[in-house]
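>>> kindly return the folded structure for what I paste below:
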Amino acid sequence: MLPAEPPQPPASVTAPVALVEAAPAAERPERMNRSAVLWVALAIFAQESVWNFYDAQVPAQLRQFVSSATVIGLIMGLDTGLGVIIQPWTGLISDRLARSRTGRWPIVVAGACVAAVPFALIPWATGLPMLMLCIFAFGLTANSFKGVTETLVSDYVAPQQRGRAQGFIKAGVSLTIIVSALISLLVVDHSLKAAFAIPPVLMVVMVALSYCFLGRRHPTALRREDTGTRTGTDTDTDTDQADPLSSPWAVLKDLVREPSRARLLLTAGIFCFAGMWAALRSLTTPYGTEVLGMTRGAAGGIALPGAIAFLVCVVPLAYLSHRLGELRMIRYGIALFVAGLLVGFAEPTPAFTAASVAIASIGYAVFSVNGLVALWGLAPNNRVLGAYTGLYTVASASGMALGPALLGATVDLTGWRYMFLNAAVLGAVTFAVFTLVARRAGRPLAATS
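Numbers count the residues shown, from 1 in each chain. Predicted coordinates:
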């Protein structure tokens, strides 16, 4: 049985925000349900394994029918566009299901089973129209449950423990890159059809296992939330607040009209930081060839120390965030991210550049653990957490789509030698946004209304 949460104050515009910003460890005594985290992590690991293999192998599949790299890039961005449209809606639908006996699981299980079919059919496509149909069908169905799966954390883990839970989950997700690489190395050259069949089969099996172990606990999780976190008056208040948020447009309107603008600013900060991270990942290899004189393969290996640093540090950083508060840690992470970029700019050598990327990766790990948890903390009530997960995905995906182009534009203006400095300046803007979020989050309700 899940442990009971300590009583919390009534929901308001700023009450959850204050808890996100900083709360002493003594006020967060509840133990994290590690078995629940394990099974949620398994479900997220399953879907991310499919997405990583998709990103690694579908461009090569498109090359059989399309010669233009620009067109291939646009097609690969199709899933991001679909996610922007679909995920807020499915997140809101999952919020309505969250308090039912089955919870969000019907969307996750059905979505995984349906998405597995077009994914497995990709290597069977004999022409571009059929391949595009498979890509579109996969993007549509996979995006329908992607954000919902990530929201499962909020159903089984107490609010005070979600940051720590995200640390374990992100560590597991980082391993999906290794899984995707192993399938590519060991299977693709022998049988492309088998290679495309393995990830969706793993996804369906792992999601089914997660449902078997967690789905039956959902009624218990609901009783814990209803009886342990709110009084009857608070629950009524939540119900009243949830009714107006009946569509993504209503959620967006509430986001914009919220007096302190803390939620809107946090969404903007997520957009900025995700964009800078995507830009750094995308342009480091050409930076290595243009500035450091490295070969393409050697330049691509610059990111390896960063990947190792992320994997090693993400869980300890989650525990530290549990003590210091999510927003505070995000600001520390951005500061570390900027510092790492300045190291790379100061000494343009392969060793210093690799160290620079590793430092920046640790800074990004802080954001990766805390970004979604911080946004959940600002949500008006627990009934819209799925919709807010969708907002997080939209903001981060949009940033990742536009960030490389923005940093690339600065490189065109100043030259490759100044890429790390340009990124540091943009990172400083992101730091300013999160500092403003923290200040707005700390204001009392009377000051913002």
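
>>> what is the neighbour count of the nearest residue in space to Phe65 that is not next to it in sequence?
Spatial nearest neighbour of Phe65, chain neighbours left out: Leu128 (4.1 Å); criterion: C-beta to C-beta, 6 or more residues apart in numbering. C-beta coordinates here come from the backbone N, C-alpha and C atoms, glycine included. Residues near Leu128, counting by other C-beta atoms under 10 Å, number 13.

>>> with the one 10 residues further on instead?
Using other C-beta under 10 Å, Phe138 is surrounded by 27 other residues.

>>> list the buried ones in the host helix or strand of Leu406?
Applying DSSP states H and E as the criterion places Leu406 in helix 385-414. Burial within helix 385-414, assessed by neighbour count using 16 or more other C-beta atoms under 10 Å, is assigned to 385-401, 403-404, 406-408, 410-411.

>>> after that helix comes which helix or strand?
Next along the chain after helix 385-414, taking DSSP H and E as the criterion, comes helix 419-441.

>>> who are the packing partners of that next one?
For helix 419-441, the contact count by 3 or more C-beta pairs under 8 Å, 6 or more residues apart in numbering; DSSP states H and E identifies helix 15-21, helix 262-290, helix 326-346, helix 385-414 as packing neighbours.

>>> just send those back as a markdown table, with mean pLDDT and distance to Asn422 too.
Listed next are the helices and strands packed on helix 419-441 as a markdown table, based on pLDDT from 0 to 100; distance: least, C-beta to C-beta, whole Å:
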| stretch | mean pLDDT | distance to Asn422 |
| --- | --- | --- |
| helix 15-21 | 43 | 30 |
| helix 262-290 | 82 | 9 |
| helix 326-346 | 90 | 9 |
| helix 385-414 | 79 | 4 |
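
>>> Ala43 is nearest to which of those helices?
Put simply, out of the helices and strands packed on helix 419-441 the one that sits nearest Ala43 is helix 385-414, at 13.9 Å, with distance taken as C-beta to C-beta.

>>> how much distance is there from the closest one to the middle of the chain?
With C-alpha atoms, centre = their mean, to the nearest Å as the basis, helix 385-414 stands 12 Å off its chain's centre.

>>> quick one on the thing from earlier: can you put the helices and strands packed on helix 419-441 in a markdown table and add distance to Phe45?
As requested, these are arranged in a markdown table below (distance: least, C-beta to C-beta, whole Å):
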| stretch | distance to Phe45 |
| --- | --- |
| helix 15-21 | 26 |
| helix 262-290 | 20 |
| helix 326-346 | 23 |
| helix 385-414 | 17 |
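
>>> closest one to Ala60 among the ones you listed?
Closest to Ala60 of these, according to C-beta to C-beta: helix 262-290, at 17.3 Å.

>>> just the angle between the closest one and helix 385-414, please?
Taking axes from the mean of the first three to the mean of the last three C-alpha atoms, to 10 degrees, one finds that helix 262-290 is oriented at 40 degrees with respect to helix 385-414.

>>> use 651 as the first number from now on
Okay, residue one is now 651; in that scheme the one you just asked about reads as helix 912-940.

>>> quick one on the thing from earlier: what angle separates the helix holding Leu1056 from helix 1069-1091?
Using the same axes, to 10 degrees, helix 1035-1064 lies at 140 degrees relative to helix 1069-1091.

>>> which helices and strands sit right next to helix 1035-1064?
Using 3+ C-beta pairs under 8 Å, 6+ apart as the contact test, the elements touching helix 1035-1064 are helix 728-747, helix 778-806, helix 898-907, helix 912-940, helix 1000-1028, helix 1069-1091.

>>> adding distance to Phe818, write the ones you listed out as TSV.
What follows is the helices and strands packed on helix 1035-1064, written out as TSV (distance: least, C-beta to C-beta, whole Å):
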stretch	distance to Phe818
helix 728-747	22
helix 778-806	10
helix 898-907	28
helix 912-940	20
helix 1000-1028	10
helix 1069-1091	24
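
>>> how is this structure divided into domains?
As recorded under automatic domain parsing, the domains making up the chain are 683-878, 904-1093.

>>> out of those domains, deepest packed?
By mean neighbour count, with neighbours taken as mean count of other C-beta atoms under 10 Å, domain 904-1093 ranks first of the domains of the chain at a mean of 21.

>>> off-centre distance for it?
Shown here is domain 904-1093, whose average C-alpha point lies 12 Å from the average C-alpha point of the whole chain (C-alpha atoms, centre = their mean).

>>> now swap in stretch 749-761 and tell me
20 Å.

>>> measure that stretch end to end?
Between the opening and closing residues of stretch 749-761 lies a distance of 19 Å (C-alpha to C-alpha, to the nearest Å).

>>> if we can go back for a sec, pick out the shakiest of the helices and strands packed on helix 1035-1064, pLDDT-wise.
With a mean of 66, helix 898-907 has the lowest mean pLDDT of the helices and strands packed on helix 1035-1064.

>>> residues contacting Leu954?
Contacts for Leu954 were tallied using C-beta atoms under 8 Å, 6 or more residues apart in numbering; they are Ala1004.

>>> against Cys784, how distant is the residue nearest to Phe715?
To Cys784, Leu778 is 11 Å away according to C-beta to C-beta, to the nearest Å.

>>> would you check that the residue nearest to Phe715 makes contact with Arg713?
No: under the criterion of C-beta atoms under 8 Å, Leu778 makes no contact with Arg713, lying 11.3 Å away.

>>> which residues touch the closest residue to Gly733 other than its chain neighbours?
Spatial nearest neighbour of Gly733, excluding adjacent residues (C-beta to C-beta, 6+ apart): Asn793 at 4.3 Å. Taking C-beta under 8 Å, 6+ apart as the criterion, Asn793 is in contact with Asp729, Leu732, Gly733, Ile736, Gln737, Thr740.

>>> can we see that at 7 Å?
For Asn793, the set of contacting residues under the criterion of C-beta atoms under 7 Å, 6 or more residues apart in numbering consists of Asp729, Leu732, Gly733, Ile736, Gln737.

>>> what do you get for Ser794?
Here Ser794 is in contact with Ile736, Thr740, Ile757, Gly761 (criterion: C-beta under 7 Å, 6+ apart).

>>> how about a cut-off of 10 Å?
The neighbourhood of Ser794, defined by C-beta atoms under 10 Å, 6 or more residues apart in numbering, consists of 732-733, 736-737, 739-741, 743-744, 757-758, 760-761, 764-765.
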